[in-house]
Structures are given as structure tokens and as C-alpha cells.
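**Q** Make a model of this:
(2 chains)
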Amino acid sequence: MASFEPAVEPILAKFRHDPTNLLQILRETQDAIDWISPETQTFIASRLNIPRTQVEALTQFYAHLYDHNRGRYRILFSDNITDRMAGSVALFDRLRAFWGVAPGETSSDGLVSIDMTPCTGLCDHGAALLVNNIAIGRLDNERIDRIARLIMARKPLAEWPAELFAIDDNIRRKVTLLGTPYVPGSALDAAIRLGRSGIFDEIKSSRLRGRGGAGFPTPTKIEGARNAAGKDKYVVCNADEGEPGTFKDRVLLTSFLPRVLEGMAITGFAAGATKGFVYLRGEYQYLRPHVQRTIDEMRAGGLLGVSIRGAPGFDFDIQIHMGAGAYICGEGTAQVNSLEGKVGRPRVKPPSMVIRGYKGMPTIVDNVETLAHLTEIALEGGASFARRGTRASTGTKMLSVSGDCARPGIYEYEFGVTIRQVLADSGAVAPIAVQVGGASGVLITPDEFSRKIAFEDVSTAGAFMIFGPDRDLFDVARNFAHFFAHESCGFCTPCRVGTTVQKNLMDKIAEGRGSRYEVNDLMRLADFMRKTSHCGLGETAGNAVRDTWMKFRPAFERRLVPYDFAPEVDLDKALEPTRQAAHRDDAAAHIVGEN
Amino acid sequence: MANPTAELVFNIDDLPVPFKPGQTILEAAKAAGVFIPHLCHHPDLRPHGGCKLCTVVVNGRTHAACTFKAAAGQEVDIDTPELNAMRRSLVQLLFIEGNHFCPTCEKTGNCELQALGYEYEMLSPHFAEFYPADREVDASHPDVLIDRNRCIMCERCVRASQDIDKKNVFGIAGRGGKAKLVINSPTGKLVDSDFAVTDKAAAICPVGAIIVKRFGYATPIGERAYDSHPIGDEANVCEITESAK
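**A** The predicted model follows:
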């Protein structure tokens, strides 16, 4: 028997040898034995009676899973542009210097590896990192040195000082959702009083739209799932908050969880669904015990389970499904594939999820914030809810404000607030730009600051990253280009190859070897990816680069060479492998000047 | 209506084309003798929708013709300068992503990627080549060679092995640009899988990533399928891989 088997067998048993739970099995296997070796993959495949390729595919798809030994302490620095603005690169280098390891390399004693990962949702906490998927924010030199000492002392993570892991809500502005005291169970009682069709009518008159960014009408989803045939129906809480710069769901899950979970039950009540999943992003693993405890308490208190609040036939229960580092799993169909234990690839649409989703059954995938708003609608009625906001965008919206401002954090506004107002409230001084909606969103310049946050104007899931007068917007666009190349799922050609071409072109320009030729290619590529990609990731992957060229042209132009064309090959760079082989770095081993 | 299906017609490049309920645009077009370029699509396999070569404009919006259903009255554009430019870019991206060496590839002249390069007048790769160094060649199997350098991630072999051969020999692992063809065996080598040269998956690769051994250059270059007829010609259509078997 291989040495890993005693550790893996109980995990397989816990998940009933059900391949649907493959992602959960692989996560827990890694937690137990640090990595998932080829032999472990073969073993798990044979015990689950599935092709080994399926285990291999998942292990390589999800960025938090490792098929090679990455040490006992696996550190991932958050690499959003806001982390970089808070000095993350120097902190990254500082921690690596303790072991002299390259990015992603495992220290020779097998203790630690240190790498970068996309935004971890702590943009209001300065620079941040994950250690074995547990978040630590507010990084500075002192904290980095403490972390290094803890690792060198091989102290188990459970014994690290709790204050290292402290995460605050940073709520700066409240309206109704965050500002109204909430009595757990009250929204469920209200929904039961209204009845299944009554609560649906209220949701319909609220004209609630999805808070995940797309703004799809929530009542349409509920109605679609309700009318669809299926012996089981599902409600999924999309807590895979991966859009760089967004962290409002983190706060809802931390301090407003009863609203979110009751919103799921209300959705189930209206749509005739009895099962729910919270799809929790891997970066929020620290929240898992809290979410699980809350679900258990609600079940014990009759707020979940069978005959909720004593209402016959109102059955609804929730289980947690952990993600493992894949932005694409925020897309509804990819998320449902991930729930089924597959790689997070978006499906072909139609059919929509409400017709054929999880295990082929009608499934509603809703954003965390959308679900929380349902408790407001149940309590106050749809008409009252719809009085807030604008005609096309009813209710309030939570914004995750970060970057160059005095008070980063969560701001709740009625839809229709101007960008200028948000900037003033957050204490931004002379901002030159705001990226609204994250990497896939839109870059807003000062002449557009009177535009409104609303589905009909600037639509957003809530990311609001502010850039002050000293920031270089090219760096921002380049950071996003790297993000998309890292996160493309690889299913379709334009996104799989196009995002890497985009990244390479941005790098070439950053190195001072780009010309207008590269810019022209970037613009063509952005248009091409938008028109031919399979899902929203590829469709929006070129937005940031295009916006920056259109709106901050000098940031590009000062990097461009004044020729029509700069060769792809940098002769001096091409000599690097030879220099390394010859152990030379003297002047004669370099080619200086124009290529 | 006595015969409702008789009325089902949509328009391709302004010409009416009949279709049957449930048919995709690509299937209906093919039945009517209209070629829509494709790589991941194969008539014997369930639709995939990944290569995007078959992107068409339906009522003003782009869709993959291999997964999008035909509907009465649709206006479908296939052969437009803009779409053809996109297709050329897609072929270029597939070329630069891997390591394609047409002059010495056994598949040359029978290769659908190469044929589409001709069809869309690709004169250069245009984008900087990736030159990936991690594309393993697997010559372990006595009858079949796997050269990942030429793989375009169309997953025809994956689907053929799963759905037709009922074997599950192939899969795709790795995300984004790290995607690669993997083989279902403890060693990851083809020889240790239950693959056989008689499998459908052995004869369905549109490019030169799966090559049957000992038949090299049996047909001289210059006399191969796409040497004499362009892709999409009646003489070829898409079953070319069968003739190359």
C-alpha cells in the first residue's frame, strides 16, 4: 500500500466515492498530504472508477491544486493591481529572499513555495496573501518577517497568531440592505405568509436584477426554473467572487449571511427548488467554518431543512461546495460544471441553466448580493423595493471601493449614484481614473465622472478601483492582460491563444520594444476576441487594453519605439540561454544597441 | 398545416436554405451543399463549439454554427470579408500556438488546418510564434504516434474515444495556454492505455497530432486531398481523415 493511501481513503469515504465530489476530494487530499502526486491521481481515479484523465484534468485546471510538491507552506501573493499599488511586489521579493526561491519554486528543504495568484478579494486590506488558502491581509515588512519566522519554526497554521488572519468588514456607507437591522427568520416568515405565488409576485414587481454584473432579471430566472420540468431543482449561491477588485460578497458572507441563505430558501420556495449550494471561492476558505456553522444553526433552528418555519412542503437545504482558484467558475455554466466535479468550462448555451443546469436539472445561479436583496423584498414588498434606485435598476448596490482613496471599503448606494459622489465619499484626491467592474469592466476618466452606477449606464458587479495622479494606467492594463491569460479556461481558440498573444504584446511594449504595429494588433485582437469567444471572459478580455489605449494614449505612446515596426526577436535576450550555459555575463557576451 | 416541415427555411448569404427541426446551422448548410469551415466539428461526433472557425453572423450576432440551431427566417452570413478575416486570424493563432512544420509533416496535404490556411489566404503566421517547448511526443505505442506539437485542442479524439470507441483514452488537462492532450493510463503513455489502431480516435485527427505508423507518405505529396481540391469542395467535405486512414 502506498504511503498516501491511509490519508486518502477516509476522504474518499467521506464523499461516498462519488465522482461528483471529485473537486472536493482533491482539495481535501491536498490539505491532508500537501500535494496530489501522479500516483495519488491514479489511485483516486481507480477508487472512484473514473478515467485518470479526469483527475489529471481537474488537478491541472484549478490553480490551487498542485501535481508537484509545493512544500508544506504554500504561499500565494494576491496580484491584483491594488496589491501592487500597496507594494506587494517588494513584499513578495522580501519573503522569497528568506529561502532564495524563484516564484513558484519549492525551497530545497521542501518547506515552502511562494507564488502569485489573482485578486484574493482583500483590496481594502492593502497587500494580501494566502497561506495554504487562508487569507492574511495588511502585509508590511514586519508581517512578512513574522510569517517567515513562523514558517521556519514549522509552526502549524492553526497555531499562528489569530490577529494575523483578522479581516474587517470596512463598511463605510449603509442604506437599506446593510443599514436595516435584520431578525433571522423574518424574511422566511414573510415569504410563507405571502405563499409561493405571492412571494413570486413581489419579486416580479421589485424588478430585481442580478448583482453579479450582467443584470439579468431575477424574476425571469425564477419563473424559468419554476416552469421547467425536473424532479429536482437547485439554487446556487454564486460566492465565487473572482472579479479583480470585488470584495462585497466577502462582507455579506461574513456579517449578513442569514440574509443570503434565507434569500436562497426564498428563491427555492418561489421556484419549487429544494436543494441549494453555496459555491465558495477557494480564496475564501477561511469563511467556510463560519458558513457551515451558520447553515447548521439555521437547520437546527428550523430555518432550513424540512417544513421550514413549520410550513408544510417548504423544504430547502444547503451545502457548501469549495472552488479552488479559477475565475471562470464565476460564470454560471462553468460553475455548474465545477459543482458536478468537472473542470470549470462554460457550457454551450442554449439551453440555459434554468432549463438544464446541475445534473441536467433546472438550476438558478444567483449572486450573493442578489440573494440578500430577496429578504428585503419579502419584508417590505416589491413595490417599496422598486422605489429605490432608478427605473431600470431598482434597489441598492454595494460597491467595493479600493485603490487611491482615504477610506477603502464597502459602500452601499441606491442605484443611480454618480461616480463623482463615490469618489468624494471615499476620500479620493485628484483621481485620474476609476476601473469600474474589475478587469472585465470599464475604465472611467474624469470627464465621465458624472456617469451613474446603474445597469443602463455603468454596469458593475461592484468593483471600484481608484487611480491617483501618479499611477500609470498602462501598468493597470498590463496587469489585467496577465490576469486574463492566467484565467482563460482554454476551451475556445480566440480566448485560449488570444489572451496569451495580448499578454505577450503588452509585455513587448512594456520592455520598450513595441511600436504602433503592436498597438494595431492589440486593437484588432480585442475586437476579434469580443466577437468570437465562447463566453464573457474572452469577450471582455481585451476591454482594459482597448480602453487604456483610447483614453490614456500617452501611457502607451511613451513606451513605443518611433519606428513602424520593432522585431520580435531581441538579439541580446536571445543570447541569454547561451550566456547561462557559458557562465558568462561580461560586456562581450551582450549585444548592445539597436537590434 | 399538412406538412409543417416543408416550410422550414432560413437564409444563408441571402439565399434560402431548407432545414429540419433540430439541425444546427452547420448541418443544415452542409445538407444544402454550403461549406462552413470547421475544425473541432465532425459529423460523427457530438458538437463541441471550441475552435470557432465556424463562427457566423446570425441576425447580426456572432455564433458558432456547429452548436447554434437553425430557425425559420434566420439571416445567416457566412462568406463575408470580416468573417473570413476572423477565420484567417483563428488559423494563424492555431499555427503560432503549437509547433507546426508543414513541409515535413506526414499530414501535409491532408491536414484540415493547413487547408484552411490556404482557403483563407494565410500568407504568414502574423503573430509571434509561441514555440512551446513542453509539447511531448509519445511514440510508445507500436501502431500510433502522438505528436502534441501539432495538437490544436479540437478534442475530436477525446470525443471519438469516449462516444464511439467507448474507451476514454484521451482528455485535455491544463488551463488556458497550458491545455494539453493527456492519455488515460497510469504512465500517461499511449502504450499503457487500451487504445488500438482500429479505434475511431486513431483516424479522426484533423491535423498531424495522431499519426498511424508505417503508412508514411504512402500517397505522394502533391496528390493528396487538399492538393487537388480546396477544403469544402464536394470532393473532400470533411471526411478526409477517413481516406487518410
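**Q** Could you use CA atoms for every contact and neighbour count after this?
**A** OK.
**Q** The residue nearest to the spatial centre of chain A is in what secondary structure piece?
**A** Central residue of chain A (Cα atoms, centre = their mean): A:Gly242, 0.8 Å from the mean position. Take DSSP states H and E as the rule and A:Gly242 turns out to sit in neither a helix nor a strand.
**Q** residue contacts, it?
**A** A:Cys119, A:Thr120, A:Gly121, A:Arg281, A:Ala326, A:Tyr327, A:Gly330 (Cα atoms under 8 Å, 6 or more residues apart in numbering or on different chains).
**Q** ok, A:Phe200 touching A:Gly272?
**A** No. Using Cα atoms under 8 Å as the test, A:Phe200 is too far from A:Gly272 to be in contact (11.0 Å).
**Q** What is the burial count for the nearest residue to B:Asn59 once chain neighbours are set aside?
**A** Leaving aside its sequence neighbours, B:Asn59 sits nearest to B:Glu75 (Cα to Cα, 6 or more residues apart in numbering or on different chains; 5.2 Å). The number of residues packed near B:Glu75 is 19, by other Cα atoms under 10 Å in any protein chain shown.
**Q** I figured A:Thr540 hits A:Phe528, correct?
**A** No. Proximity of A:Thr540 to A:Phe528 does not meet the contact threshold set by Cα under 8 Å, at 10.6 Å.
**Q** Which residue ranges of the stretch 351-500 of chain A form helices?
**A** Along the stretch 351-500 of chain A, the stretches classed as helices by DSSP state H, counting those that start in this stretch are A:368-380, A:382-386, A:419-426, A:473-487, A:493-510.
**Q** Now do the longest one against helix A:473-487, angle only.
**A** Read it as helix A:493-510. Counting by axes from the mean of the first three to the mean of the last three Cα atoms, to 10 degrees, helix A:493-510 lies at 140 degrees to helix A:473-487.
**Q** What are the buried residues along the helix or strand following helix A:493-510?
**A** The helix or strand immediately downstream of helix A:493-510 is helix A:516-532, counting by DSSP H and E. Within helix A:516-532, the residues scored as buried using 16 or more other Cα atoms under 10 Å in any protein chain shown are A:516, A:518-519, A:521-532.
**Q** tell me which parts of chain A are close to chain B?
**A** Counting by Cα under 8 Å from any Cα of the partner chain, the residues of chain A close to chain B are A:39, A:42, A:51-54, A:56-58, A:60-62, A:348, A:485-494, A:496-498, A:500-501, A:528, A:531-534, A:568.
**Q** part of a helix, is A:Asp145?
**A** Yes. Read with DSSP: H, G, I helix; E, B strand; the rest coil, A:Asp145 is one of the residues of a helix.
**Q** Make sure it is actually in contact with A:Leu95.
**A** Yes. Counting by Cα under 8 Å, A:Leu95 is a contact partner of A:Asp145 at 7.3 Å.
**Q** Looking only at neighbour counts, state which of the two leads.
**A** Neighbour totals were compared for A:Asp145 and A:Leu95, and A:Leu95 leads with 19 against 16 (other Cα under 10 Å).
**Q** can you list the domains in the chain?
**A** Picking chain A for this. When chain A is parsed with automatic domain parsing, its domains come out as A:5-61, A:73-167, A:173-386, A:396-467, A:473-557.
**Q** Oops, wrong one, chain B.
**A** Split into domains by automatic domain parsing, chain B comes to B:7-79, B:83-243.
**Q** among those domains, which gets the worst mean confidence?
**A** Per-stretch mean pLDDT for the domains of chain B is lowest at domain B:83-243 (a mean of 93).
**Q** does any bit of it sit next to chain A?
**A** Yes. Domain B:83-243 lies within reach of chain A by Cα under 8 Å from any Cα, at B:86, B:90, B:93-94, B:97, B:127-128, B:168, B:170-179, B:182-186.
**Q** who touches B:Met86 in this structure?
**A** Residues in contact with B:Met86 (Cα under 8 Å, 6+ apart) are A:Phe528.
**Q** can I assume A:Leu371 is in contact with A:Leu257?
**A** No. Here A:Leu371 lies out of contact with A:Leu257, judged by Cα under 8 Å, at a distance of 10.2 Å.
**Q** out of these two, which sits in the more crowded spot?
**A** A:Leu371 (26 against 21).
**Q** Skip the chain neighbours and tell me the closest residue to the more buried one.
**A** The shortest distance from A:Leu371 to any non-neighbouring residue, by Cα to Cα, 6+ apart, is to A:Gly263 (4.5 Å).
**Q** quick one, what contacts the spatially most central residue of chain B?
**A** Against the mean C-alpha coordinate of chain B, by Cα atoms, centre = their mean, the closest residue is B:Leu39 at 1.9 Å. By Cα under 8 Å, 6+ apart, the residues touching B:Leu39 are B:Cys51, B:Leu53, B:Glu112, B:Leu113, B:Cys154, B:Pro206.
**Q** same deal with A:Asn80?
**A** For A:Asn80, the contact set (Cα under 8 Å, 6+ apart) comprises A:Pro118, A:Cys119, A:Thr120, A:Cys123, A:Pro244, A:Gly245, A:Asn479.
**Q** Put together JSON lines for the contacts of A:Gly242, with neighbour count on each row.
**A** Shown next, in JSON lines, are those (neighbours: other Cα atoms under 10 Å in any protein chain shown):
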{"residue": "A:Cys119", "neighbour count": "26"}
{"residue": "A:Thr120", "neighbour count": "32"}
{"residue": "A:Gly121", "neighbour count": "25"}
{"residue": "A:Arg281", "neighbour count": "25"}
{"residue": "A:Ala326", "neighbour count": "27"}
{"residue": "A:Tyr327", "neighbour count": "28"}
{"residue": "A:Gly330", "neighbour count": "27"}
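**Q** for chain B, what spans make up the helices?
**A** B:25-31, B:81-97, B:112-119, B:156-159, B:225-228, B:240-243 (DSSP state H).
**Q** A:Arg193: which of these is closest?
**A** helix B:25-31 (48.9 Å; Cα to Cα).
**Q** Quickly note the distance from the closest residue in space to A:Glu414 that isn't next to it in sequence to chain B.
**A** Of all residues not flanking A:Glu414 in the chain, A:Thr396 sits nearest, at 4.0 Å (Cα to Cα, 6+ apart). Distance, A:Thr396 to chain B, using Cα to the nearest Cα, to the nearest Å: 32 Å.
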